[in-house]
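J.: after the sequence you'll find the predicted model.
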Amino acid sequence: MSLLSFFLQIIHNLGYGGVVFLMAIESSFLPLPSEIIIPPAAYLASQGEMNIFLIIIAGTIGSVIGALINYTLAYYLGRTIIFGIADSKFGKLIMLNSKKIEKAENFFLRYGNASTFIGRLLPVVRHLISIPAGFSEMKLRNFIFYTTTGAFVWVSILAALGYYLGEKVDVIIRYYKEISYFIILVLMIYGIYRWRKKF
């Protein structure tokens, strides 16, 4: 059984609760790509076994829960402890290290609060951007707003791709980095267009 088929079976058995649970894992510090969760669920929706809108809602809720776990740990444990954990044997076990956290932290410092929105659309940074937000003691209200918005956009895109590509969801997994960067490019172009139109 392939990894894709494995998650397809899990989602089929657990339903929307399974989507919430798996996406919470994906958004925490554990390595589980969202592109092997949402597209298979959306494929089931295309077959009439699930509802695409409920999948998007469940995926977004799960993403926010996972992000809040990272945010809370970073907020209360602090930078020194988190970096120590990242470089420990446990960190290696979950494929985490200080360099990855530093990358997310630099991204957060560069773009501020908005990075928790933009970061949800980028590979690698996606599930770690909540950690520097916690370090910086970002206001919880703002964190939840930006995280929810970013997660909703990303989950909606994956759901649409999974729904319309059907059994070809492996294409999403193979090219998810390219898809992520394309989405960012489109959003940037749209942002520039809106800014120029305003002035």
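T.: Alright, I've got the coordinates. Numbers count the residues shown, from 1 in each chain.
J.: other SSEs contacting the longest helix along the chain?
T.: Looking across the chain with DSSP state H, the single longest helix is helix 52-86. In this structure, helix 52-86 packs against helix 3-27, helix 38-46, helix 98-111, helix 130-135, helix 140-165, with contacts taken as 3 or more Cβ pairs under 8 Å, 6 or more residues apart in numbering; DSSP states H and E. Where you see a C-beta, it was placed from the backbone N, CA and C, and this is true even at glycine.
J.: now do the buried residues in that helix.
T.: 52, 55-71, 73-75, 77, 82-83, 85-86 (16 or more other Cβ atoms under 10 Å).
J.: what sits against the closest residue to Phe21 other than its chain neighbours?
T.: Distances taken as Cβ to Cβ, 6 or more residues apart in numbering place Gly62 nearest to Phe21, at 6.6 Å, with adjacent residues excluded. Shown in contact with Gly62 (Cβ atoms under 8 Å, 6 or more residues apart in numbering): 19-24, 26-27.
J.: can you pull out the low-pLDDT segments for this protein?
T.: 1-7, 31, 123-124, 166-199 (pLDDT under 70).
J.: one more pass at 90, please.
T.: Applying pLDDT under 90 to the chain picks out residues 1-15, 18, 22, 25-49, 77-129, 135-137, 153-154, 157-158, 160-199.
J.: number of nearby residues for Leu128?
T.: 26 (other Cβ atoms under 10 Å).
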